[in-house]
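Trainee: here is the input, now give the coordinates:
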Amino acid sequence: MLKPTRDREQVRDRIAGYCRRLMLSKEIVTYCEQMATPRQEEFLCQILADELARRELSKKTRLLKRACFPVYKSFADYEFQCVRMPPTLSQEELLSCQFIGEKKNLVLYGPVGLGKTHMAVALGVRACEMGLNVRFYTVTQLVLKLTEARRNGTLERLINELQRLNLLLLDEWGYVPIDKDGSQLLFRVVSDSYESKSLILTTNLEFSRWGSIFTDEQMAAAMIARLIHHGHLIMFEGKSYRMEHALMRQVGRKSAAAAVQA
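Mentor: Residues are numbered from 1 along each chain as shown. Below is the predicted model:
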């Protein structure tokens, strides 16, 4: 059992730690040493711990709201049987969001309905819970927003907002053709992100076809070079989860109708 004096030292160490994280004066610990009783120190320690927990929860809530995820997703019910990880990235490293700290990118490639967007959003949610700044866009949404900002004279402000992110999620990359102006704006976002933050892209379009979507083969090649130089390609293979479950619902309805008729 620890001696009372040692107990008080531990409580004061925790108080000092909470004060640093809450950006409070370290003189609080001095006041404890000079005037507080052990019970008062324990009470203060609990108050500071509760305040820190409240602020962290408020920050996570704020980050999740700012991220603009279309839906909330987690890995609680995620199935990895359709996912083929690259040799350069383990599942544990992926789930820890280590790639964000390393400013590396993820390209999630495969047919529709295999969980690419689910994985992207779940990683974004996890990053928010770690206190990181995240934003989700479909590529069409981002191009429209960039085009409107340039027309309104606020493009640089939007670019600066994107530069302050830790993680930018771009969903449905290559699903819809983009004109030359939109491609140039999107290229700027990718270029500005290079070695400064992480991108996650979801796409069903192989690299060889990017030039046809972005109207410029050289621009597409430059985008690919920046994305894969510090990045990982995660492949999604197999039957569509959404299609399989839609078929299951159809079979269920037919079975129920047959039972009613019987």
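Trainee: sketch out the helices for the stretch 151-262 of the chain, chain order is fine.
Mentor: Ranges of helices within the stretch 151-262 of the chain are 155-163, 180-193, 210-213, 217-229, 241-261, based on DSSP state H, counting those that start in this stretch.
Trainee: least confident of those, on average?
Mentor: Mean pLDDT is lowest for helix 241-261 out of these, coming in at a mean of 51.
Trainee: which residue ranges of the stretch 51-200 of the chain form strands?
Mentor: Under the criterion DSSP state E, counting those that start in this stretch, the stretch 51-200 of the chain contains strands at 83-84, 105-109, 134-138, 167-173, 198-203.
Trainee: turn those into TSV, columns for mean neighbour count.
Mentor: Heads up, the C-betas are built off the backbone N, CA and C, glycines and all. Formatted as TSV, the strands of the stretch 51-200 of the chain follow (neighbours: other C-beta atoms under 10 Å):
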stretch	mean neighbour count
strand 83-84	16
strand 105-109	24
strand 134-138	21
strand 167-173	24
strand 198-203	25
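Trainee: so which of these gets nearest Leu52?
Mentor: strand 134-138 (22.0 Å; C-beta to C-beta).
Trainee: out of the strands of the stretch 51-200 of the chain, which comes closest to Ile228?
Mentor: strand 105-109 (7.2 Å).
Trainee: gap between the closest one and the chain center?
Mentor: Remark: strand 105-109 is offset 13 Å from the chain centroid, using C-alpha atoms, centre = their mean, to the nearest Å.
Trainee: can you list the strands that it pairs with?
Mentor: Paired with strand 105-109 in the same sheet, following DSSP bridges, are strand 198-203 (parallel), strand 231-236 (parallel).
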